[in-house]
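*Asks:* Let's see this in three dimensions:
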Amino acid sequence: MTIAQRLFLCRNCIADPVAGRDDPRVNRLWIEGASLAIESLAVLIIVVATAHGTVRFLMQTRAQVADAYGRYKTQLGKALLLRLELLVAADIIQTVTLERTMQSVLMLAVLVLIRTFLSWSLIVEMEGHWPWTS
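*Replies:* Okay, the predicted model is just below:
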């Protein structure tokens, strides 16, 4: 479906919401939009957290604050963890609602495993121990 067709479909749905409510193309459009919004939010979080963390790190370095690098690393790690969780949510929404094939479910399982491993690695890097130990 082209962009023009999607805009026309969306415009018709807004003009007559009752008529567009049961149209599977409209539902797919909304689900794809929600997934794209979540992925965009994940990218925005990384950009803002990196910029904020870098400025803060430079200010702390200039003021000779103790452990400025450790704080910087922790802030970026937390932003990456949040981003990974948002991307998993977007993938789940897209796979469960739009692509109900065994191949897409297996691909989702592999992505979730990889992102879970990355999350645990980040937690170990930031905290110095496994998540289930204190």
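*Asks:* can you give me the helices in this protein?
*Replies:* Applying DSSP state H to the chain gives helices spanning 3-15, 17-20, 24-62, 68-97, 102-127.
*Asks:* just those: most buried one?
*Replies:* helix 68-97 (a mean of 17; mean count of other C-beta atoms under 10 Å). Just so you know, the C-beta spots here come from the backbone N, C-alpha and C atoms, and that holds for glycine as well.
*Asks:* can you tell me the average pLDDT over it?
*Replies:* Throughout helix 68-97, pLDDT has a mean value of 89.
*Asks:* Now do it against helix 24-62, angle only.
*Replies:* Angle of helix 68-97 versus helix 24-62, following axes from the mean of the first three to the mean of the last three C-alpha atoms, to 10 degrees, is 170 degrees.
*Asks:* Residue ranges in the chain under the pLDDT threshold?
*Replies:* 1-23, 134 (pLDDT under 70).
*Asks:* residue contacts, residue 42?
*Replies:* By C-beta atoms under 8 Å, 6 or more residues apart in numbering, the contact set of residue 42 is 82, 83, 86, 87, 90.
*Asks:* and the gap between the second one and residue 103?
*Replies:* With distances defined as C-beta to C-beta, to the nearest Å, the gap from residue 83 to residue 103 amounts to 25 Å.
*Asks:* do residue 80 as well
*Replies:* 28 Å.
*Asks:* swap in residue 61?
*Replies:* 49 Å.
*Asks:* circling back: turn the helices of the chain into TSV, columns for distance to residue 133.
*Replies:* Listed next are those as TSV, based on distance: least, C-beta to C-beta, whole Å:
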stretch	distance to residue 133
helix 3-15	49
helix 17-20	52
helix 24-62	27
helix 68-97	18
helix 102-127	9
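*Asks:* Just confirm residue 41 contacts residue 89, I think it does.
*Replies:* No - under the criterion of C-beta atoms under 8 Å, residue 41 makes no contact with residue 89, lying 9.8 Å away.
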